[in-house]
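Participant: Show me how the following folds:
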Amino acid sequence: MTSSERVMNRWLVVAGALIIQISLGAVYIWSVFQTPLRRVFPGWSETAVTLPAQIVLASFALAVIFGGRIQDRLGPRRVATAGGAILGLGLILARFTGQMPETAALGWLILTFAVLGGIGIGAAYVCPIATCVKWFPDKRGLITGLAVAGFGAGAFFFAPLARGMISGTPYTLFGVRLFGLPELGVFNTFFALGVIFFVAVVAGAQFLRNPPPGYAPPGWTPPAPAAGAGSKVDYGPREMLKTPVFWILWITYFAGCTAGLQVIMKASPIWQSFRISMAPPPVPAGDFTAILTAGAVAVSILAIFNSAGRILWGRVSDGIGRKPALMIMLLLCGLTMLALDWMRAYPLYILGIGVIGLCFGGFLAVYPAVTADYFGTKHLGVNYGWMFTAYGAGGLAGPYLAARLMRVAGDVPYVAEEEPEVVLALFEAGNYRVAFLVAGVACLVAAVLVKAMRPPVRAA
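Facilitator: The predicted structure follows:
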């Protein structure tokens, strides 16, 4: 390796990764849009307004496979740049949803926000992960955590931004009003976010490049193969898919993502249902607005835990091992899901969703690392793309369970407008207990499966 090949500081790759992931992570703010969309389209059911959240996650996960394969061939910078352009285009086109009749609007929103947006997110998402892992073989768990930390943090910054632009209220973090925002409405907010994401992702992509062949950090020596392992280091995707351990990892990843995404994509409406169902009707306009604001704050706080979990558990897994870390996360997530329906005081609710976010963030850090550990880094882009389909399946299952298994606790009247006259509307308060129980039990079963799994035996 020549000195010219050593010029690039590998931490610049991490900086580019964070810029990209913070923007892509805004996919987790969907719950902020749900109530405003149902005001515009009162004919949309809870299941219907949840559908774009499900489709964007599934499109995202499928696009990771193709994005990973292409970036393995063309390099990460080009693919991440294309992903940013597609994501921006999807949200910009979503702006026209409001100009369509209610019967066609949902399909258009799914096509633009969910399908195009999901493809853009998936294409860009895999590039920072695959690139950072190659630059940091000495800190694989920690660096995958850092590489995806921004994805979890995106909602922290963008949930209050979206909420403020929709309603024209100030940009507020933890109750502190930082600056004023124009009232754009829900559809122009899609447009504004599309422009922001396009610029940020394309800029961050310019920092991504693969290390020179044979790169190793100064002073680092690759560890010896584990006892009993053969000489084969890198599995191609077809070889990987034939191993039993891949499917155990996939199932457990699916269980963790089902629980995590059920809460993340529904954090605001779940809190709204908890709080409004306990309020004496009709709920005053000021109280209703405060409940919506608290829901947006919950999304932001959840994003902090989601982001912190990626760094924390990535580092922990480097120390105690991937299996013990996964078992602890699945147990914590499962037990918290079982208790969540009883955590209806706001501090308890924040604690509950915070623990779930912490564990979910850990899954997004540890599963790429364990994929690299077990199947090598040569084909990591496409290999992790296949592993990441568990996230997409969880993205379909989690929000679906929350919407489909939700039982209507009651239609609670609230004051929608006070001037020039009082106008009452109805809020459909939901009971999510069954959905929480199903996801919690799945996580506990997944913890048992992780304990039983063994690394693949690499043939000589």
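Participant: Show me where the stretch 151-300 of the chain has its strands.
Facilitator: Assigned by DSSP state E, counting those that start in this stretch, the stretch 151-300 of the chain shows strands spanning 171-173, 176-179.
Participant: So which of these is the most surrounded?
Facilitator: Counting by mean count of other Cβ atoms under 10 Å, strand 171-173 has the highest mean neighbour count of the strands of the stretch 151-300 of the chain, with a mean of 16. To be clear about C-beta, it is placed using only N, CA and C from the backbone, and glycine gets the same treatment.
Participant: partners of that one in the sheet?
Facilitator: Paired neighbours of strand 171-173 in the sheet (DSSP bridges): strand 176-179 (antiparallel).
Participant: Which residues does the strand it pairs with contact?
Facilitator: Contacts with strand 176-179, where a contact means Cβ atoms under 8 Å, 6 or more residues apart in numbering, come from P170, Y171, T172.
Participant: nearest to G385, of the strands of the stretch 151-300 of the chain?
Facilitator: For G385, the closest of the strands of the stretch 151-300 of the chain is strand 171-173, at 34.4 Å, according to Cβ to Cβ.
Participant: Mean pLDDT and distance to A203 added to the strands of the stretch 151-300 of the chain, as JSON lines?
Facilitator: Below are the strands of the stretch 151-300 of the chain laid out as JSON lines (pLDDT from 0 to 100; distance: least, Cβ to Cβ, whole Å):
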{"stretch": "strand 171-173", "mean pLDDT": "82", "distance to A203": "21"}
{"stretch": "strand 176-179", "mean pLDDT": "85", "distance to A203": "22"}
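Participant: Quick one: closest of those to V316.
Facilitator: With Cβ to Cβ, the closest approach to V316 among the strands of the stretch 151-300 of the chain belongs to strand 171-173: 27.7 Å.
Participant: Give me the distance between that closest one and the centre of its chain.
Facilitator: Between the centre of strand 171-173 and the centre of its chain there are 21 Å (Cα atoms, centre = their mean, to the nearest Å).
Participant: swap in stretch 247-261?
Facilitator: Relative to its parent chain, stretch 247-261 has a centroid offset of 13 Å by Cα atoms, centre = their mean.
Participant: pull the CA atoms of it into PDB?
Facilitator: Output of stretch 247-261 as PDB, limited to C-alpha atoms (Å, rounded to 0.1, in the frame of the first residue of the first chain):
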ATOM      1  CA  TRP A 247     -32.100 -17.900   9.300                       C
ATOM      2  CA  ILE A 248     -31.900 -17.900  13.100                       C
ATOM      3  CA  LEU A 249     -30.400 -14.500  12.900                       C
ATOM      4  CA  TRP A 250     -33.100 -13.400  10.400                       C
ATOM      5  CA  ILE A 251     -35.900 -14.600  12.600                       C
ATOM      6  CA  THR A 252     -34.600 -13.000  15.800                       C
ATOM      7  CA  TYR A 253     -33.900  -9.700  13.900                       C
ATOM      8  CA  PHE A 254     -37.500  -9.800  12.600                       C
ATOM      9  CA  ALA A 255     -38.800 -10.200  16.200                       C
ATOM     10  CA  GLY A 256     -36.800  -7.300  17.500                       C
ATOM     11  CA  CYS A 257     -37.700  -5.000  14.600                       C
ATOM     12  CA  THR A 258     -41.400  -5.900  14.900                       C
ATOM     13  CA  ALA A 259     -41.400  -4.800  18.500                       C
ATOM     14  CA  GLY A 260     -39.300  -1.700  17.900                       C
ATOM     15  CA  LEU A 261     -41.000  -0.500  14.800                       C
END
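Participant: start the count at 47, not 1, going forward
Facilitator: Sure, I'll start numbering at 47, so the last one becomes stretch 293-307.
Participant: mind showing which ranges of the stretch 197-346 of the chain have poor pLDDT?
Facilitator: Scanning the stretch 197-346 of the chain for pLDDT under 70 picks out the ranges 268-278, 325-326, 329.
Participant: those helices in it, which residues are they?
Facilitator: For the stretch 197-346 of the chain, the helices defined by DSSP state H, counting those that start in this stretch cover 231-251, 283-287, 290-310, 313-322, 331-366.
Participant: Give the other helices and strands that the shortest one contacts.
Facilitator: Applying 3 or more Cβ pairs under 8 Å, 6 or more residues apart in numbering; DSSP states H and E, one finds that helix 283-287 contacts helix 426-450.
Participant: Including distance to L70, could the strands of the stretch 197-346 of the chain go into a markdown table?
Facilitator: Shown next, in a markdown table, are the strands of the stretch 197-346 of the chain (distance: least, Cβ to Cβ, whole Å):
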| stretch | distance to L70 |
| --- | --- |
| strand 217-219 | 20 |
| strand 222-225 | 23 |
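Participant: Which among those is found nearest to S363?
Facilitator: strand 217-219 (30.2 Å).
Participant: Columns distance to I402 and mean neighbour count on top of the helices of the stretch 197-346 of the chain, output as CSV?
Facilitator: As requested, those are exported to CSV (distance: least, Cβ to Cβ, whole Å; neighbours: other Cβ atoms under 10 Å):
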stretch, distance to I402, mean neighbour count
helix 231-251, 25, 21
helix 283-287, 29, 17
helix 290-310, 5, 24
helix 313-322, 9, 25
helix 331-366, 8, 22
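Participant: Give me the spatial nearest neighbour of F182, chain neighbours excluded.
Facilitator: In this structure, F182 finds its nearest non-sequential neighbour in I189, 3.9 Å apart by Cβ to Cβ, 6 or more residues apart in numbering.
Participant: next one: C489
Facilitator: Here the residue nearest C489, using Cβ to Cβ, 6+ apart, is G380, at 3.2 Å.
Participant: wait, doesn't the one you found sit right on V494?
Facilitator: No: using Cβ atoms under 8 Å, G380 is not in contact with V494; the gap is 10.4 Å.
Participant: quick one: which of those two has more around it?
Facilitator: Neighbours per residue (other Cβ atoms under 10 Å) separate G380 from V494, with G380 holding more: 24 against 12.
Participant: ok, now which ones touch the more buried one?
Facilitator: Contacts for G380 were tallied using Cβ under 8 Å, 6+ apart; they are A305, G486, V487, A488, C489, L490, A492, A493.
Participant: returning to that earlier point: would you format the helices of the stretch 197-346 of the chain as CSV with distance to L447 included?
Facilitator: Output for the helices of the stretch 197-346 of the chain, formatted as CSV (distance: least, Cβ to Cβ, whole Å):
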stretch, distance to L447
helix 231-251, 26
helix 283-287, 27
helix 290-310, 6
helix 313-322, 12
helix 331-366, 18
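Participant: what about the ones you listed, which gets the closest to A169?
Facilitator: Using Cβ to Cβ, these put helix 231-251 closest to A169, at 9.8 Å.
Participant: chain center to that closest one: distance?
Facilitator: In terms of Cα atoms, centre = their mean, the centre of helix 231-251 is found 17 Å from the chain centre.
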